[in-house]
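Return atomic coordinates for the entry below.
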Amino acid sequence: MAGIKYEIEEQIGVVSESSKGWTKELNLISWNEREAKYDLRDWAPEHEKMGKGITMSREELKKLRDILNDMDL
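Numbers count the residues shown, from 1 in each chain. Here you go, the predicted model:
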């Protein structure tokens, strides 16, 4: 992604892995030198490429956790 700087501050966990080696990961990432946010997206094996994803603040991640905990899975 041209023009976008990012730094993975913490790799939290891998949700899944594709047959081509891409992983869906939850990480704490600083985008364009801003405050880090939680980020869920697909990554190529060496983090050289990324897919589309979503970013969430700590409060949004807590709310998502609460929603998931309330689901009957």
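
Can you name the residues in contact with the longest strand along the chain?
Counting residues, the longest strand in the chain under DSSP state E turns out to be strand 6-17. By C-beta atoms under 8 Å, 6 or more residues apart in numbering, the surrounding residues in contact with strand 6-17 are 23-32, 36, 38, 40, 47. All C-beta atoms are positioned from the backbone trio N, CA, C, and that covers glycine.

Out of the residues you listed, which one has the weakest pLDDT?
Least confident entry in these, by pLDDT: His47, with 92.

mind checking how far that one is from Asp39?
12 Å (C-beta to C-beta, to the nearest Å).

can you pull out the strands in the protein?
Taking DSSP E as the criterion, the chain carries its strands at 6-17, 23-31, 37-43, 50-56.

between those, which one is nearest to Leu73?
Of all the strands of the chain, strand 6-17 sits nearest to Leu73, with 14.3 Å by C-beta to C-beta.

what residue ranges in the protein are flagged as low confidence?
Applying pLDDT under 70 to the chain flags residues 1-2.

Please repeat the previous calculation with a cut-off of 90.
Along the chain, segments meeting pLDDT under 90 span 1-4, 73.

His47 and Asp39: which is more packed in?
Neighbours per residue (other C-beta atoms under 10 Å) separate His47 from Asp39, with Asp39 holding more: 21 against 13.

what's across from the closest residue to the more buried one other than its chain neighbours in the sheet?
In this structure, Asp39 finds its nearest non-sequential neighbour in Ile29, 4.4 Å apart by C-beta to C-beta, 6 or more residues apart in numbering. Under DSSP bridges, the beta-bridge partners of Ile29 are Ile8, Lys37.

Am I right that Ile29 is in contact with Thr55?
Yes - applying C-beta atoms under 8 Å, one finds Ile29 in contact with Thr55, separated by 7.4 Å.
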